[in-house]
Structures are given as structure tokens and as C-alpha cells.
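K.L.:
Got a predicted structure plus its sequence, pasted below:
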Amino acid sequence: MPTITYAGHDVSVNDEGFLTDPGQWTEEMAPQIARSEGIAELTPRHWQVIRFMRDQYQAKATGPTVRVLGKTSGVTVKELYQLFPKGPAKVAAKIAGIPKPRGCI
Amino acid sequence: MDTAIEKVSIIVSKGSLEGIYPALIMANGARAEGIEANLFFTFFGLDAITKKRHEHIKVATVGNPGLHLATIVGSLPGMPGLMTGYLGHKMAKLDIPPIPEFIEMISDSGAGLYGCQASCGLFGISKDDLIEQVQGITTVGEFYAVAAGGQIIFT
């Protein structure tokens, strides 16, 4: 399993680059993961989504899909795609250090 | 990952519930993966983006063996509405949005929606008859230009 160094700490990631142990994640790692996903700077709106992903994962052991994010995170679908053009749920999950959300809708 | 799909164009040619949803799910799923997506609505698929029709899309209750319903039963008055209501209820439980809301969401995700010019001519449909999210009515040739460099899925 590949290892990557974020914010000076080695973390295990899967083939797609998602942390395999969300417990290894710290907020200091987020900007570096974001940059590797093409997001130069994390704004407070990005952080609102990232923290929401973490909270949802802790509550439900799975990250929300874009549909759920749009309805419950306080950020609209349109803005979600502006914040995370490469896929809001997928990219925000990666930055938040949780597994890629599964779901077709 | 150099073989990863980066762009898809989905042709929606059917006007039934089971004809439209798969296309919308494919388009929405593409955008969720960061894949560029465009939809081209042709023939009865135009119903999905027509203002007076898109809230009234029905499941086909005859000629649809997958429904496992005898044709004579499926042809009874009110049956399409009944089956559509039943399916709609099940989909709502799974948080699958109704077609108008789903298309709005797909548009918000940055996907392009286009009506087929030939079909619009056939059915007497103008841009004003289509929902506001539609980019425009285009010819097949123009849509191929939109689709350039990507995969095309026909449904």
C-alpha cells in the first residue's frame, strides 16, 4: 500500500490516493492534498464542506454524495462544483482524509 | 490512468421513465467523478426537458417485459400513473430525485443540455417550450462538435 507524506507525517493511501485510515488525518494535511487535486487555496467555503464530510463520516461511517451535500451541507450543488470542479464529494472526501463516498446519485 | 474517461456525451432518445433515468444517472455520475458531460435530447427524449411534459414522465406499462405485468393489465386506464407513482415512491425512499429536480441538479453540476433541432421541428417545439437549463437547440453536427474528444452513450 503506497505511503505519502503530508504535513510531515507519513500516511497510507489507496490506489486513488484516499487515506486508508481517516484517523491519520490532521487539518494541516488538507491544503497539501488540495493542491495535489488542483485546488490552490482552501477558502472558508471549502472548509465548510471538508468539515461537513468529516462530521458525516464520523456519524455514518460513510461520506455523503453530491446530492446529499447539496441538500444538507449549506452549500448548493452549483457552488460545490465551483469549489471542487473535479467532483465535490470525491475531492472533498480525499482532502478530508475519508474514503471515497459510494453511491450512484 | 491514461485510459480514464474524461468526457461523455449522452443521447436521450426515449420519453419513458425507464428510458430517461438511466441517462440522467450516467450524466450525474460522470460529473460526480469530475468527468465532463453533455446531454442531447432527441425524439421522445425531448419530453425530459419540455416544460409541460417533464413533470409527467411515465413508466411504460405495456411492451415492457421487465415490469412482469401482463399486457392486458398494463393496458388498463390509469395503470401507467399507478406504476409510476409506485416507482416514484420507492425512488424517493432511496433519495433519487424526481426528473425535473434531477435535471436541474445535473445542470448545476455544469453539464450541458441540448435539444435536437430535427426533433424540435418534428414536434413543433421552440426554445421557449424547453426548461431554462437548456443551452440551446442544436443540429446533430453541432452536437458532435460539442461531443468532440469524448465518449458517446446512446440511450
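P.N.:
Sure, I can see it.
K.L.:
And the pLDDT at B:Met1?
P.N.:
Note for B:Met1: predicted pLDDT of 53.
K.L.:
Please disregard the earlier target; I meant B:Ser16.
P.N.:
If you check B:Ser16, the pLDDT there is 97.
K.L.:
how close does it get to B:Ile99?
P.N.:
Applying Cβ to Cβ, to the nearest Å, the value for B:Ser16 to B:Ile99 is 11 Å. All C-beta atoms are positioned from the backbone trio N, CA, C, and that covers glycine.
K.L.:
For those two, list the residues in contact with both.
P.N.:
Common neighbours of B:Ser16 and B:Ile99, using Cβ atoms under 8 Å, 6 or more residues apart in numbering or on different chains, are B:Ile57.
K.L.:
And the residue of chain B closest to chain A?
P.N.:
B:Gly34 (3.5 Å; Cβ to the nearest Cβ).
K.L.:
Using the three-state scheme, assign that residue.
P.N.:
Secondary structure for B:Gly34, judged by DSSP: H, G, I helix; E, B strand; the rest coil, is coil.
K.L.:
Equivalent analysis for the one 5 residues further on, please.
P.N.:
The assignment at B:Leu39 comes out as strand when based on three-state DSSP.
K.L.:
then stretch B:13-33 to CSV, C-alphas only?
P.N.:
Only the C-alpha atoms of stretch B:13-33 are listed here, as CSV (Å, rounded to 0.1, in the frame of the first residue of the first chain):
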residue,chain,number,x,y,z
SER,B,13,-33.9,9.3,-27.2
LYS,B,14,-36.7,7.8,-25.1
GLY,B,15,-39.5,9.5,-23.3
SER,B,16,-40.4,6.9,-20.7
LEU,B,17,-39.3,7.0,-17.1
GLU,B,18,-37.1,3.9,-17.6
GLY,B,19,-35.7,5.5,-20.7
ILE,B,20,-34.7,8.8,-19.1
TYR,B,21,-33.5,7.9,-15.6
PRO,B,22,-30.5,5.8,-16.7
ALA,B,23,-29.2,8.6,-18.9
LEU,B,24,-29.6,11.1,-16.0
ILE,B,25,-27.9,8.8,-13.6
MET,B,26,-25.0,8.3,-16.0
ALA,B,27,-24.6,12.0,-16.6
ASN,B,28,-24.8,12.9,-12.9
GLY,B,29,-22.4,10.1,-12.0
ALA,B,30,-20.0,11.4,-14.6
ARG,B,31,-20.0,14.9,-13.2
ALA,B,32,-19.5,13.5,-9.7
GLU,B,33,-16.3,11.8,-10.9
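K.L.:
Next, report how far that stretch is displaced from the centre of its chain.
P.N.:
From the chain centre to the centre of stretch B:13-33 is a distance of 5 Å (Cα atoms, centre = their mean, to the nearest Å).
K.L.:
And for stretch B:41-51?
P.N.:
7 Å.
K.L.:
Check which residues of it are buried.
P.N.:
Of the residues in stretch B:41-51, B:Phe41, B:Thr42, B:Phe43, B:Phe44, B:Gly45, B:Leu46, B:Asp47, B:Ala48, B:Ile49, B:Thr50 count as buried by neighbour count, 16 or more other Cβ atoms under 10 Å in any protein chain shown.
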